[in-house]
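Colleague: 3D model of this:
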Amino acid sequence: MIRISVPAHLRTLAKIPEHEVLVDVDGTATQRTVLDALEARYPALRGCVRDHDTKKRRAFIRFYACEEDLSNEGIDDPLPVEVISGEEPYMIVGAMAGG
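Modeller: Alright, predicted model coming up:
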């Protein structure tokens, strides 16, 4: 099971009561398979984290694991072992912009 930390505004939208959710991923745990599993479990999030059609990650959403920014990493690269084992969460974070 993969732990996913979901930001408050997306938890409200999808009616997720807890800070983290657990998803089961078939095959290799990558950002793509984790986001696929999250959107399958919480359909209200479709189009919020990734574009509906292209499945590209949204610009103002960042992705972290093990204190590293994975936002620019390959979407099909395997996630860190600590995330796969459930030790560490895969974190979805709303980015801040402006000055």
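
Colleague: relative to residue 4, how far out is residue 87?
Modeller: Noted for residue 87: a distance of 14 Å to residue 4, by Cβ to Cβ, to the nearest Å. Where C-beta positions appear, they are placed from N, C-alpha and C, glycine not excepted.

Colleague: more crowded one of these two?
Modeller: Remark: of residue 87 and residue 4, residue 4 carries more neighbours, 23 against 11, as counted by other Cβ atoms under 10 Å.

Colleague: how near is the more buried one to residue 53?
Modeller: Residue 4 sits 23 Å away from residue 53, going by Cβ to Cβ.

Colleague: as a check, name the ranges of all strands in the protein.
Modeller: Using DSSP state E, the strands of the chain run over 2-5, 20-23, 61-65, 68-69, 90-94.

Colleague: ok, which of those comes nearest residue 82?
Modeller: Among the strands of the chain, strand 61-65 comes nearest to residue 82, with 7.4 Å by Cβ to Cβ.

Colleague: any stretches of this protein with poor pLDDT?
Modeller: Applying pLDDT under 70 to the chain flags the ranges 97-99.

Colleague: in it, which helix is the longest?
Modeller: Assignment by DSSP state H gives helix 31-41 as the longest helix of the chain.

Colleague: show me what that helix is packed against.
Modeller: Contacts defined by 3 or more Cβ pairs under 8 Å, 6 or more residues apart in numbering; DSSP states H and E place helix 31-41 against strand 2-5, strand 20-23.

Colleague: tell me the angle of it relative to strand 90-94?
Modeller: Counting by axes from the mean of the first three to the mean of the last three Cα atoms, to 10 degrees, helix 31-41 lies at 80 degrees to strand 90-94.

Colleague: got the angle for helix 31-41 vs strand 61-65?
Modeller: Orientation check (the same axes, to 10 degrees): helix 31-41 against strand 61-65 gives 110 degrees.

Colleague: can you say which of the helices and strands packed on helix 31-41 is packed in most?
Modeller: Neighbour counts (mean count of other Cβ atoms under 10 Å) averaged over each of the helices and strands packed on helix 31-41 peak at strand 2-5, with a mean of 20.
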